[in-house]
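# Okay, predicted coordinates and the sequence, questions at the end:
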Amino acid sequence: MTFATLGLIEPLLRALETLGYQTPTPVQAQAIPAVLAGRDLMAAAQTGTGKTAGFAVPLLQLLTLEGPKVAANSARALILCPTRELAEQVHASVAEYAQNLPLTTYAVYGGVSINPQMMKLRKGVDILVATPGRLIDLFRQNALKLNQLQTLVLDEADRMLDLGFSEELANIYRMLPKKRQTLLFSATFSDEIRSLAGQMLNDPLTIEVSPRNVAANTVKQWVVPVDKKRKAELFVHLMRKGRWKQVLVFAKTRNGVDALVDKLQGLGINADGIHGDKPQATRQRALDRFKSSDVQILVATDVAARGLDIEDLPLVVNFDLPIVAEDYIHRIGRTGRAGNTGEAISLVCADEVNMLSAIEMLTRQTLARHMEQDFEPEHRVPDTDASGQVVKKPKKPKKPKSSGGGGKRNLGKWVDSGEVAPAEPSIKPVRKVPVFNTGPRKKK
Ligand code: AMP
């Protein structure tokens, strides 16, 4: 199959050729004809599968071939994204696909001055990419009218709900014309999203190019058990041992990001951090410098890093596991993109055993554990597996026989999702995982 057989017009074919896209990815092969036919869509596609082109390319074609010219302060298509970085990235892709078309595109998001955005919208834009909050601000200030809107795209729809945008989304729906095409894209689909989609979409075509909630099978995943207080030390050790060149590191909190960045910079390591407390310009600069390899280690929270496309990123490290198991799939989806292979290493302490268990259940795999010599935890991480079972009572740790013999317990083989049974898990995955301290109590 080629892009030409999908019925795309010549200027789009030329743009895709310039970008080096030779054949459509599975999600593109299904989504492009459906969008061109005017269908509503509910598409579950893994990160890195090319879903942006899956909705943007046919949308550009529809806008080129049909509909009146865009009016002042209006948009003909709206793409909603959960984060500012994602909005920028999606817009950059849309602009690349549109390079030979007489269409205008623009991205609006919070954290930067609204005035230039209001000015830019005066003439109207064909495709507007937006985060929900800023879109509503612009609408309320009469800088944007939505009565000409013909297509709405929700990208990473589940994340928008997770980030608490459900009220904003409800407000936005109220502003939209009833007759429109709606495309709902997400890497993962919770039951909550499925029921929302059921209400929002009109006779949607469902596309599921990969089994539900399975991480990209191009990513080798493994876990290193460690005591919480030694995580930073272990990270530096692994980094030096593995001669890591470019690593995206996820920490749970903003303070956690700052503390790790300070520690790494204190050791002379070229590191920077992004999280929601930092000004947008600083976030974008750190990200750009990481993408261009001017920064070696980028430490991020989930909110700042979702959906980002970083070319050839070899390694993701979960310094902390995510509280929401689905975020694990998004995090590790930053590597192993566009057919490349990648690695995802999680540093897991005893406190995080329930999160580990939820991730294994959700992704239907038992992650290999690799004990790092001299970093064996005092607080043992109880055994877990893909059934969701946590062996709560830790066995008494055996004393090491000799100084050189430790460090090999539980050394598993690489696990990738190719080894995972495609069946649904027998127990429903837990979305929000409470944190229980299952490790032995600290002595006072
Ligand atoms: P996405 O999942 O939309 O973030 O895309 C992931 C990466 O795959 C991006 O770097 C795209 O430029 C790239 N990509 C998307 N579609 C294709 C294709 N058909 N052939 C080659 N690369 C692609």
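Alright, I've got the coordinates. Residues are numbered from 1 along each chain as shown.
# what helices or strands is the helix or strand where residue 17 lies leaning on?
Residue 17 is located in helix 10-18, with elements delineated by DSSP states H and E. For helix 10-18, the packing partners by 3 or more C-beta pairs under 8 Å, 6 or more residues apart in numbering; DSSP states H and E come out as helix 51-65, helix 84-97. In this view, the C-beta of every residue, glycine as well, is placed from N, C-alpha and C.
# the strands in the chain, which residues?
For the chain, strands defined by DSSP state E occupy the ranges 41-44, 75-80, 105-108, 125-130, 151-155, 181-186, 205-208, 219-225, 247-250, 271-274, 297-300, 315-318, 342-348, 368-369.
# Please produce JSON lines containing these, extended by mean pLDDT.
Shown next, in JSON lines, are the strands of the chain (pLDDT from 0 to 100):
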{"stretch": "strand 41-44", "mean pLDDT": "90"}
{"stretch": "strand 75-80", "mean pLDDT": "97"}
{"stretch": "strand 105-108", "mean pLDDT": "98"}
{"stretch": "strand 125-130", "mean pLDDT": "98"}
{"stretch": "strand 151-155", "mean pLDDT": "95"}
{"stretch": "strand 181-186", "mean pLDDT": "92"}
{"stretch": "strand 205-208", "mean pLDDT": "87"}
{"stretch": "strand 219-225", "mean pLDDT": "93"}
{"stretch": "strand 247-250", "mean pLDDT": "96"}
{"stretch": "strand 271-274", "mean pLDDT": "95"}
{"stretch": "strand 297-300", "mean pLDDT": "96"}
{"stretch": "strand 315-318", "mean pLDDT": "95"}
{"stretch": "strand 342-348", "mean pLDDT": "95"}
{"stretch": "strand 368-369", "mean pLDDT": "94"}
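# Tell me which of these lies nearest to residue 284.
Set against residue 284 and scored by C-beta to C-beta, the strands of the chain come closest in strand 271-274, at 8.7 Å.
# residues making contact with that closest one?
Under the criterion C-beta atoms under 8 Å, 6 or more residues apart in numbering, residues 85, 257-258, 260-261, 264-265, 282-283, 286-287, 289-290, 295-301, 304-305 lie in contact with strand 271-274.
# again, but for stretch 104-112
With contact meaning C-beta under 8 Å, 6+ apart, stretch 104-112 is reached by 70, 84, 87-88, 90-91, 94-95, 98, 117, 120-121, 123-131, 133-135, 137-138, 279-281, 283.
# Next one: residue 267 from the ligand, what distance?
Residue 267 sits 32 Å away from the ligand, going by C-beta to the nearest ligand atom, to the nearest Å.
# Which residue is the nearest non-sequential neighbour of that residue?
Spatially, and ignoring its direct neighbours in sequence, residue 267 is nearest to residue 236 (6.4 Å; C-beta to C-beta, 6 or more residues apart in numbering).
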